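Visitor: The following block contains a protein sequence and its predicted model.
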Amino acid sequence: MPGVTPVALGTPEHTAAELLAVLRRLKGTRDPGLEVSATQAAELAHRHGAGLLAVVEHSDADPALLMACVVPVDRPGLDFPLDGPAIREVTRGETATGYPVMIVERIPVAGPGAQLQVVVTDPDQPRLAVFTLHSPTGRGWLDVAGVAGRFVSGMRFSDPGTRSASGRPPGGTSGRSARR
């Protein structure tokens, strides 16, 4: 999808090097924090068993990082409580592919920036796909969140026994955070 550049998940060192190359292409080579950011993101992706690490870009924004993991759960559904000082807004809806979704906009704990998590439930299996989008600067946040929202809204669980890839159910995302 335009605006989303996946990074290969090999060893943490290989992932960091590839991520650094993408970030340097987008931001230039003069930003000294890029290497640290790439290394930390690669280590975090490997530690959490991410299935996706990508850079999300928009011409009016600083790049953001998108990480996704599939997490097994005891019971399906989006009925778990979310609260706390780090949560700004929670929106529930449905993806364009028909999966229940919860969008959680978070306030970064330290420093500037922006973060949101999108939790997509697989009604056919006891699992969730958890997408985390993080912008270290927050510049152009709504633009990169919109790109990431369109990407996530089209996701499908691919294991046998899950929803068919044919046809597009009615509905869409109600992710107000992505449209502000």
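Guide: Everything's here; your move.

Visitor: I'd like the distance from the host helix or strand of Ala68 to the chain centre, please.
Guide: Ala68 is part of strand 64-72, with elements assigned from DSSP states H and E. Distance, stretch centre to chain centre, for strand 64-72: 6 Å (Cα atoms, centre = their mean, to the nearest Å).

Visitor: so for that strand, what's the average pLDDT?
Guide: Mean per-residue pLDDT for strand 64-72: 90.

Visitor: What is it packed up against?
Guide: Contacts defined by 3 or more Cβ pairs under 8 Å, 6 or more residues apart in numbering; DSSP states H and E place strand 64-72 against helix 33-47, strand 52-56, strand 127-135, helix 141-153. To be clear about C-beta, it is placed using only N, CA and C from the backbone, and glycine gets the same treatment.

Visitor: just checking, next helix/strand downstream of that strand?
Guide: Proceeding N to C from strand 64-72, the next assigned helix or strand is strand 87-94, under DSSP H and E.

Visitor: Mind listing the strands that next one pairs with, and their directions?
Guide: The pairing partners recorded for strand 87-94 under DSSP bridges are strand 100-106 (antiparallel).

Visitor: so how far is the strand it pairs with off the chain centroid?
Guide: Here strand 100-106 is found 11 Å from its chain centre; the criterion is Cα atoms, centre = their mean.

Visitor: same thing with stretch 51-62?
Guide: Computed by Cα atoms, centre = their mean, the chain-centroid distance of stretch 51-62 equals 9 Å.

Visitor: Pull the residues that contact the strand holding Ala68.
Guide: Applying Cβ atoms under 8 Å, 6 or more residues apart in numbering, the contact partners of strand 64-72 are 4, 19, 37, 41, 44-45, 48-57, 114, 126-136, 141, 144-145, 148, 151, 157.

Visitor: Mind doing that once more with 7 Å?
Guide: With Cβ atoms under 7 Å, 6 or more residues apart in numbering as the test, strand 64-72 has contacts from 4, 41, 45, 48-56, 126-135, 144, 148.

Visitor: Likewise for stretch 14-22?
Guide: Stretch 14-22 is contacted from outside by 5, 7-9, 34-35, 38-39, 41-42, 45-46, 53, 55, using Cβ under 7 Å, 6+ apart.

Visitor: looking at the residues you listed, which has the most residues close by?
Guide: Highest neighbour count within these, by other Cβ atoms under 10 Å: Val7, with 27 neighbours.

Visitor: Could you report the separation of it from His46?
Guide: Val7 sits 12 Å away from His46, going by Cβ to Cβ, to the nearest Å.

Visitor: Ok, His58 next?
Guide: 27 Å.

Visitor: thinking again about what came up before, so which of the helices and strands packed on strand 64-72 comes closest to Ile87?
Guide: Checking the helices and strands packed on strand 64-72 against Ile87 by Cβ to Cβ gives strand 127-135 as the closest, at 13.5 Å.

Visitor: Many thanks, have a good one.
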